[in-house]
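K.L.:
turn this into a model:
(chains A and B)
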Amino acid sequence: AQSVAQPEDQVNVAEGNPLTVKCTYSVSGNPYLFWYVQYPNRGLQFLLKYITGDNLVKGSYGFEAEFNKSQTSFHLKKPSALVSDSALYFCAVRENSNYQLIWGAGTKLIIKP
Amino acid sequence: SQTIHQWPATLVQPVGSPLSLECTVEGTSNPNLYWYRQAAGRGLQLLFYSVGIGQISSEVPQNLSASRPQDRQFILSSKKLLLSDSGFYLCAWTVDTGAAYEQYFGPGTRLTVT
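P.N.:
Numbers count the residues shown, from 1 in each chain, chains lettered A, B, ... in the order given. Modelled structure (predicted):
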């Protein structure tokens, strides 16, 4: 069965430093992977997705994610963090057999000035 | 462009009262629609999804129900609310663009059952 793990409950980064939010997955077949961001009391916003092709995917707000098939990972990255990047981040994988996404538990990202 | 609306934005209801939350999508046709609940600002729990008018799949047995009376309208209901129904309710949509199925979310409804 497909699954997604976000091993860090919270990530703390100083403003201006690079950030990484980790995600690992387990799927049968080709993975379709997604990252979303949620600001307090808001709906989730789509950041980026991997379907096929280049392992480095670029998305909104300067974020990118690296797909690593051998390590079954899809980590979210940004070269220089902003305080405004502080939010809850979700990784998801598409369920092969239907129209659903399987969600990670979320990682709270805190960027300190 | 497509937009998704949810209302109300916030709701405070007593235990045992009925519930009706509405979600509508504009700018697309025949979307797949989803209701999620998010407790304590964390993980998402899929409650219902629909691939067409009148077609509802339930993921979690509970006192909630969903209906899709029109192509772009999705309603979440309850006859009698429980304290455990409190949470942040999110509606989402997607269309078949080939392989992606990324979902787009509404602004959410904060429900507090007292």
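
K.L.:
roughly how far does B:Pro46 sit from A:Ser86?
P.N.:
Small correction: residue B:46 is Leu, not Pro. From B:Leu46 across to A:Ser86, the span is 26 Å (Cβ to Cβ, to the nearest Å). From N, CA and C alone the C-beta is placed, and that goes for glycine too.

K.L.:
what about the chain, any weak spots by pLDDT?
P.N.:
No chain specified, so I'll use chain A. Within chain A, the stretches with pLDDT under 70 are A:96-99.

K.L.:
meant chain B, my bad for not saying
P.N.:
B:41, B:61, B:96-100.

K.L.:
which parts of it are strands?
P.N.:
B:3-7, B:10-13, B:19-26, B:32-38, B:44-52, B:55-58, B:64-70, B:73-78, B:87-94, B:104-105, B:109-113 (DSSP state E).

K.L.:
may I see those strands organised as JSON lines, with distance to chain A and mean neighbour count added?
P.N.:
Shown next, in JSON lines, are the strands of chain B (distance: least, Cβ to the nearest Cβ, whole Å; neighbours: other Cβ atoms under 10 Å in any protein chain shown):
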{"stretch": "strand B:3-7", "distance to chain A": "8", "mean neighbour count": "16"}
{"stretch": "strand B:10-13", "distance to chain A": "9", "mean neighbour count": "14"}
{"stretch": "strand B:19-26", "distance to chain A": "11", "mean neighbour count": "18"}
{"stretch": "strand B:32-38", "distance to chain A": "5", "mean neighbour count": "23"}
{"stretch": "strand B:44-52", "distance to chain A": "5", "mean neighbour count": "19"}
{"stretch": "strand B:55-58", "distance to chain A": "8", "mean neighbour count": "14"}
{"stretch": "strand B:64-70", "distance to chain A": "14", "mean neighbour count": "16"}
{"stretch": "strand B:73-78", "distance to chain A": "14", "mean neighbour count": "20"}
{"stretch": "strand B:87-94", "distance to chain A": "6", "mean neighbour count": "23"}
{"stretch": "strand B:104-105", "distance to chain A": "4", "mean neighbour count": "20"}
{"stretch": "strand B:109-113", "distance to chain A": "7", "mean neighbour count": "18"}
